[in-house]
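With the input below, show me the fold.
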Amino acid sequence: DASSLTTLLPLWIIDYSQEVKGATAAEAASRAGMVTGLVQLAALCVSPLVGYLADWLGDIAAVSVAGLSAGGAYLALSSLSDPTGTAAIALACPLGWSEVSVAITCQALLSRRAPPSKRGVVGALFAMCASGGILFIGKGGGLLYDSHGPG
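Numbering: from 1, shown residues only. So this is what the prediction gives:
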């Protein structure tokens, strides 16, 4: 989630701004920074609420709601034709909410379900898999973007 939003979304915004809207590199980077900044600000602001909801809903329900939220936000993102428009800016908050919701609810699930004597190992394995996913998304997403474009 986070790696694709902070790497590939700005790339799409910058390319679109320069190629379609005729923006300068600085204008394009500024627009990309604004949108991704809104995504991260939304994630930061909603984090305590997500933790509370994870406790209130329970582990499985919280992960399910977070996953559905992320799926909906990314589906909406894929339907955008203009990543610099008002719709993209409005979508930044749900993208941020869903991004952080998946991370927090998965960590809550693992921390509660793992046996107390194995929580450190399980947490480390979770972090290792997440890091591998970030590397895969960065490489795979970059290759797909280069070969097929943002759509």
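
Every contact and neighbour count from this point should use C-alpha atoms.
Noted.

For the longest helix seen in the chain, buried residues please.
Using DSSP state H to define each element, the chain has its longest helix at helix 25-57. Within helix 25-57, the residues that count as buried by 16 or more other CA atoms under 10 Å are 28-29, 31-40, 42-43, 46-47, 50-51, 53-54.

Which strand or helix spans Leu143?
Assigned by DSSP states H and E, Leu143 belongs to helix 119-148.

average pLDDT across that helix?
Averaged over helix 119-148, pLDDT sits at 88.

Return the set of buried residues in it.
Residues Val122, Ile134, Ile137, Gly141, Gly142 are the ones in helix 119-148 that count as buried (16+ other CA under 10 Å).

what's in contact with stretch 104-112?
Outside stretch 104-112, the residues that touch it by CA atoms under 8 Å, 6 or more residues apart in numbering are Ser47, Val50, Gly51, Ala54, Asp59, Ile60, Ala62, Val63, Ala66, Arg119, Val122, Gly123.

same thing with stretch 10-25?
The contact list for stretch 10-25, computed with CA under 8 Å, 6+ apart, reads Glu27, Ala28, Ala29, Arg31, Ala32, Gly33, Val35, Thr36, Asp82, Pro83, Thr84, Pro150.

In contact with the third one, which residues are there?
Just to be clear, that refers to Ala29. Pro10, Ile14.

how far away is it from Ile60?
Ala29 is 39 Å from Ile60, where distance means CA to CA, to the nearest Å.

List just the nearest of the contacts of stretch 10-25 to Ser101.
Within the contacts of stretch 10-25, the smallest distance to Ser101 is 16.7 Å, found for Thr36 (CA to CA).

what's the closest non-adjacent residue to Ile134?
Excluding its sequence neighbours, the residue lying closest to Ile134 (CA to CA, 6 or more residues apart in numbering) is Ser3, at 5.8 Å.

helix or strand for the one you found, which one?
Assessed by DSSP H and E, Ser3 sits inside helix 2-3.

Name the next helix or strand downstream of that helix, please.
With elements assigned by DSSP H and E, the helix or strand that comes after helix 2-3 is helix 9-19.

distance between that following helix and the chain's centre?
17 Å (CA atoms, centre = their mean, to the nearest Å).

With stretch 73-87 instead?
Relative to its parent chain, stretch 73-87 has a centroid offset of 14 Å by CA atoms, centre = their mean.

Perfect, that will be all.
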